[in-house]
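Novice: quick one: sequence and predicted model below, then my questions.
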Amino acid sequence: MRNTRPGAALLAAALVAAAGVGIAAYRTHQESDSEAFVRAYPHLAGTRMDSCDACHGRISAPPPGAKEGAVVLSSCDSCHRVTDYGRGKGDTLNPFGRDYLEAGRAAGAFAAIAPLDSDRDGFSNADEIRAGTHPGDALSRPDFPPAPHVILSLDELKRRNLPVLEQALFVNVSKSRDGDSYSDLGGFRLIDVLEAAGLRKGATSVDVISLDGYTTTFSIDQLRRKYPQAAPVMGLDEATLGECGWVRYGARGLAPGVPLPEADILLSFAVNGEPYAAASISAAGRLVGSGPLRVVAPQMRNPGIPDISSRATEACAARVPERHRYNRDYEKNSDYCVKAVVALRVRPLPEGTIDLDWPRYAAAAVAEKSVVVFGAVGDATGE
């Protein structure tokens, strides 16, 4: 564990930014709103405010992969839950987002609602925008300090003798070009990483944050469990099905009919014996690459089998047995495997604190193979 060293972190950030890593808000289905927000407030580009959290709130519900045990979900998971991944109606707008919508949902709307106090915390929207706090969240206030944090590097975690695990993992995707996969993943149990950061008693959940701002939530209870996996299904790769093949078999020792070993939720640093490629943000604002750190999770509700992409052609879908055709009810654990992890927010934040401005550490995290852990951490006794 080490405390932040601003000089070193900022130098590393500058070097990596110059190399093209960059920081950008997660590009959701409403890119025009994110772009309008940054045009109105350019000083907030690349900060914690340059995210879905500016206009969207969070709901309490079981986290992805869980059947029970409600926690406060990330804004990404909240939107997915409320809209059923865009298939249904509903929104998660916070008071600032609601005021923006009612003011016309355009760049001029931000100026119109600047005098308001959308979240009724005693500070106008303009005051909060100047301070870089969320005008739609009453718990994010200009007079509150950032939550405590620690930075843990890959080398430091190894020096601390955290157990390094290698586990075979099946990942089911819905439409990614990567396809379903069986891979050998090396890494640390995510719960062990949080314990190394001084996980506090009473912590309930962790938000895993990617370089591009995409965020998903796990409960602490989920992190402490092991999960059974199904047996691999062979013969669904390009070598067998040509251009219709979609499964990658990178794990060693796969045997039909023999279930994969139980798996943990990992902070992973290697796949099939190779480190992940360092991630960056493209000119179009998209994430490129997966590393150097990635959170990977097994299927936690119903361990199952591969199904072909939802974008597969009719001809390809017809070539595979019906049980391997796309089925939205199969558990898509790729939804909670997060690439390019740079920050971990442990909830609840200590009373009277606000989110760390994690993007200022993101480029250094990529360069130094580290992660910033903030919130209910920093006390090794757990008290």
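Specialist: Right, received. Where do you want to start?
Novice: tell me where the stretch 101-250 of the chain has helices.
Specialist: 107-113, 125-131, 154-159, 190-196, 220-223, 238-241 (DSSP state H, counting those that start in this stretch).
Novice: check contacts around L139.
Specialist: For L139, the contact set (CB atoms under 8 Å, 6 or more residues apart in numbering) comprises D121, L349, I354. For the C-beta atoms, the positions are set from N, CA and C on the backbone; glycine is no exception.
Novice: that older thread, nearest to K89, out of the helices of the stretch 101-250 of the chain?
Specialist: Proximity to K89 (CB to CB) singles out helix 107-113 among the helices of the stretch 101-250 of the chain, at 22.2 Å.
Novice: what sits up against the closest one?
Specialist: A36, F37, R39, A40, Y41, F96, D99, Y100, A103, G104, N125.
Novice: could you rerun that using 6 Å?
Specialist: A36, R39, A40, D99, Y100, A103, N125 (CB atoms under 6 Å, 6 or more residues apart in numbering).
Novice: got any ranges where this structure has weak pLDDT?
Specialist: 1-31, 86, 379-383 (pLDDT under 70).
Novice: using the three-state scheme, assign A364.
Specialist: Of the three states, A364 takes helix according to DSSP: H, G, I helix; E, B strand; the rest coil.
Novice: got a list of what N302 touches?
Specialist: So N302 contacts E331 (CB under 6 Å, 6+ apart).
Novice: now swap in P146 and tell me
Specialist: Going by CB under 6 Å, 6+ apart, P146 touches L356.
Novice: before we move on, the earlier item: how about a markdown table for the contacts of L139, with neighbour count added?
Specialist: Below are the contacts of L139 laid out as a markdown table (neighbours: other CB atoms under 10 Å):
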| residue | neighbour count |
| --- | --- |
| D121 | 22 |
| L349 | 20 |
| I354 | 21 |
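Novice: so which of the residues you listed are in strands?
Specialist: Assignment to strands by DSSP state E places none of the contacts of L139 there.
Novice: so which of the residues you listed comes closest to I209?
Specialist: L349 (13.9 Å).
Novice: please look at that closest one and G375 and confirm they touch.
Specialist: Yes - in terms of CB atoms under 6 Å, L349 counts as a neighbour of G375; the distance is 4.9 Å.
Novice: do you know how far the closest residue to M49 other than its chain neighbours is from R224?
Specialist: Using CB to CB, 6 or more residues apart in numbering and skipping residues adjacent in sequence, the residue nearest M49 is G132, 5.7 Å away. Separation of G132 from R224 (CB to CB, to the nearest Å) stands at 35 Å.
Novice: max-length strand in this protein?
Specialist: strand 181-189.
Novice: cool, thanks, signing off.
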